[in-house]
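Colleague: Return atomic coordinates for the entry below.
(chains A and B)
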Amino acid sequence: MLFPDLSAPEAKPKQHPKSAGYPIAFVADRSLALLLDFLIFSPIVSFILAGFVRQTRTFFLLDMQSHEGVLAGALVFLVGAIIVIFLQALSLFYWQATPGQIFAQMRVVNFPDFKKPLTFSQSLLRSTGWALQFLFAALPFTEVLSHPLRRCLHERASDTMVVTLKTIPDEGPMPLEAKFVSSWLRMSFLFLLLFGFVSVLKTYSELVAGQGKSSSYGLVGVCKELKDLDLYGSKRIDAALSLFLIDEITPDCLNKEAEASLWGDSINSQDLAYLARYLVSSGAEQDLYQEKICSAAGSTSCLLVQYLKAGNSAKTLELADKKLWVTQTLLAEERFEKKDYAASLDAIARIQKDTYLSRAFEKRFVRSVWALAGSKKDNSLRGRKPASTQESWIEEFKERYDLQ
Amino acid sequence: MILPNPANLKDLKKYPLTLTLVALNLVIFMMIFSGVRESLPSTKLLKDDGLELTGRLYYQFLKEASPTELAKKPSWILKMSSLNQEHMMVLGAYALRDSRFLTTAETTEFRGDEIKIATWKKQVVQFHEGYQNHLLFRFGLSSLDKSSLSWLTYQFSHSNWFHLLSNLAFLLVIGAAVEVLAGSGVLLTVYLIGGIAGGMGFLLSNLHGTVPMVGASASISALLAFYCVAELRGRVRYFYFLSPLAGHFGSIYLPTLLILPLFLLVDLASFWSTPEGLGGGVAYTAHLGGTVLGLSAGLIYRWASGRFFSMQNL
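Modeller: Modelled structure (predicted):
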């Protein structure tokens, strides 16, 4: 394809043949009118919708992922668009121009019969068509640069045309300019369609993958690890402490449980909650929690803190309330460290009686049985007879795991 | 982009007081506020954990409040759940603006993590002291400090360069227009009394707020409203810029009458669309107070200059 030499006088592009004789409005004036319309309409729309916007913001204030907020936001957008369309149609019907067009010396006239005034339905159709173009990233507006009479889609649909009141009108686009813009518009529209198609596919695949599920983030006492734990009050924080001590839950999770106990209505779990706070805090703050816990000397929490701080004071641990899972957990660990595996298994068995913690302590059970079997072998090598309790734990293990 | 660009702006001799006010605001900012950090004193209270804890304690504070007191609180507060961390953080942010809570916090008995509560009480006292020593608080106007001088000082104080320059740009344009139209005496009167009216508007909407207000925007709103009413039939020249191409920039004359409702509507809409008690950093009620004063002053000016009846013929 050969391109004409644009610098040659004979090749200078001429005015579009179809635009001659019409008082076409300048693109710059139309842009200015759009800016002025925005400045005039937006405060009016904001004022009308203020209460609605406030309610929407309140929904989001109470819940960042609020479905009510999303719905209210969509309604605000929709009602705002309807108000703009209505205001624009009204001003077109009464003044044959929007406020911005009045200041920029333009009028919207019937096409091709300029003398016939605009009907309200014609104005409404024009405004609706104008608003709908924003759904396509405002791309159809670029037709103002390519159409010989600078008539966009909404103007052609409503049989209207924007004319200038200035003495010298626009000449319309040059043929080459019009051709370039319309090609660019078609290409952009194809890209927009492609982008829309890819976005829909991506969103759909994300929804199928479960990314749209509502989460329980933000609720005190609900951490990922304990969301299925159907326990309340002191039992719950006791279970959380036990699980934390065997590394089944994170410090953050334990902290959340402690917060729920301390700030909730239940008061019988306060001691254990302070113990949990002691475990997740450090430095001076930890000392403060120790002081608080041991303000009631001889309490189980204080004994547990003293044990944890001293490290190996088994006697202290023996004094603590053995009904608590946390005490049993520490006892199991203490006995395992001292290679009293059978006694460790006794403590684990007491904890595993409760179905809530049974699965979590299974690893500890296997570890102790494994260690017990090893110690049995050592003892037999040394010529000692294994105790009957040791045998029973190994049998229990075999039975549990269906081993011969 | 579209900006006011009155024709008389080039003749500096016609508006000496406007230039003086602009210079005064600039000098005060540079001498007092330019080296000051805008943010509140650094404290753990303003971090997520601190806000959550403050929210929890404020929740208990509200539980003890009388039904009459509760009725005065924003409706969203009553929908807050103590089991929701996000709610507690939002409530904490609101609590730090409630002067009655902050002043009684140290002596109030709270239930919960006693260690945290004890630490929090110490932090609140420090925060309160640091806040009161902050320059913006000392020069600004708030429900906690309504000393007679702060009604004046807040009008010449600004929190940062952007705040200062945006206000001064408007002051220069509107102040010049008012001074050329009505004289320096009227300009000064409307500026100062408009500022006081703006302060009243702010305090009426923040009876127990702690956040101080600073800035000349209430005075500027008063000047703007005054000019629009006083020069009802006039047109103001604006400069617009769409692109550097020929015909895409230039001047356009718009009626002054158009400006007032738009400014007023923006302030009203912004005020009404914000959930109660959570300001977005702009004192819309102060703007409204200034605007009401400016409107009244404009009407008086028209009446005094014999143009009141010509307005009725519009």
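Colleague: looking at chain B, which helix or strand is least sure?
Modeller: Scoring the helices and strands of chain B by mean pLDDT, DSSP states H and E places helix B:308-312 at the bottom, with a mean of 50.
Colleague: Domain-wise, how is the chain divided?
Modeller: Defaulting to chain A. Domains of chain A are assigned by automatic domain parsing as A:14-208, A:224-400.
Colleague: was after chain B, sorry
Modeller: Domains of chain B are assigned by automatic domain parsing as B:2-37+B:144-312, B:44-133.
Colleague: could you dump the ones you listed to JSON lines with mean neighbour count and distance to chain A?
Modeller: (C-beta placed from N, C-alpha, C; glycine too.) Below are those laid out as JSON lines (neighbours: other Cβ atoms under 10 Å in any protein chain shown; distance: least, Cβ to the nearest Cβ, whole Å):
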{"stretch": "domain B:2-37+B:144-312", "mean neighbour count": "19", "distance to chain A": "4"}
{"stretch": "domain B:44-133", "mean neighbour count": "17", "distance to chain A": "4"}
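Colleague: Save those as JSON lines, and put in distance to A:Phe114 too.
Modeller: As requested, the domains of chain B are exported to JSON lines (distance: least, Cβ to Cβ, whole Å):
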{"stretch": "domain B:2-37+B:144-312", "distance to A:Phe114": "24"}
{"stretch": "domain B:44-133", "distance to A:Phe114": "55"}
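Colleague: so which of those gets nearest A:Ser313?
Modeller: domain B:44-133 (24.6 Å; Cβ to Cβ).
Colleague: End to end on the closest one, go ahead and measure it.
Modeller: Using Cα to Cα, to the nearest Å, the end-to-end distance of domain B:44-133 comes out at 18 Å.
Colleague: ok, which stretches of chain A are strands?
Modeller: For chain A, the strands identified by DSSP state E occupy A:106-110, A:160-164, in order along the chain.
Colleague: To chain B, which of those strands lies closest?
Modeller: Shortest separation from chain B across the strands of chain A is recorded for strand A:160-164, at 11.7 Å, computed as Cβ to the nearest Cβ.
Colleague: what's the distance between the top helix by length along chain A and the middle of its chain?
Modeller: Ranked by residue count, the top helix of chain A under DSSP state H comes out as helix A:27-62. Averaged C-alpha coordinates place helix A:27-62 at 26 Å from its chain's average position (Cα atoms, centre = their mean, to the nearest Å).
Colleague: now it against strand A:106-110, angle please.
Modeller: Direction vectors for helix A:27-62 and strand A:106-110, defined by axes from the mean of the first three to the mean of the last three Cα atoms, to 10 degrees, enclose an angle of 90 degrees.
Colleague: Show the average pLDDT along helix A:27-62.
Modeller: Mean pLDDT, computed over helix A:27-62, is 90.
Colleague: quick one: contacts of stretch A:185-200?
Modeller: When contacts are taken as Cβ atoms under 8 Å, 6 or more residues apart in numbering or on different chains, the neighbours of stretch A:185-200 outside the stretch itself are A:136-137, A:139-140, A:142-143, A:146.
Colleague: Specify which member of those is nearest to B:Gly194.
Modeller: Within the contacts of stretch A:185-200, proximity to B:Gly194 (Cβ to Cβ) peaks at A:Ala137, which comes in at 44.0 Å.
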